[in-house]
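Trainee: got a structure for you, letters missing:
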């Protein structure tokens, strides 16, 4: 169940979807800088930022980056 009045410093997906998406993208970029695998990134976001894997694994930033890495292995 989602609590819209949660007193965390993280944006809420339901209340502030654009801010939430930007935050998730930023966190994924940090995972990439650390050369984390997709699974490690999903686990880290779930554990440390309370972002459900379903949100992270939806065809979004993680999948796009994974496809980019497969197509550009030198990057």
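Mentor: It's in. What you see is a predicted model, and the numbers here were worked out from it, not measured in a lab. Numbers count the residues shown, from 1 in each chain.
Trainee: what residues are up against residue 48?
Mentor: Contacts for residue 48 (Cβ atoms under 8 Å, 6 or more residues apart in numbering) come out as none. C-beta coordinates here come from the backbone N, C-alpha and C atoms, glycine included.
Trainee: Which of the helices or strands spans it?
Mentor: Residue 48 is located in helix 38-49, with elements delineated by DSSP states H and E.
Trainee: List the buried residues for that helix?
Mentor: Going by neighbour count (16 or more other Cβ atoms under 10 Å), the buried part of helix 38-49 is 38, 41-42, 44-45.
Trainee: Could you single out the nearest of those residues to residue 9?
Mentor: residue 45 (15.4 Å; Cβ to Cβ).
Trainee: Surely the closest one is in contact with residue 57?
Mentor: No: Residue 45 is beyond contact range of residue 57, at 10.1 Å (criterion: Cβ atoms under 8 Å).
Trainee: anything in contact with each of the two?
Mentor: With Cβ under 8 Å, 6+ apart as the test, residue 45 and residue 57 reach no residue in common.
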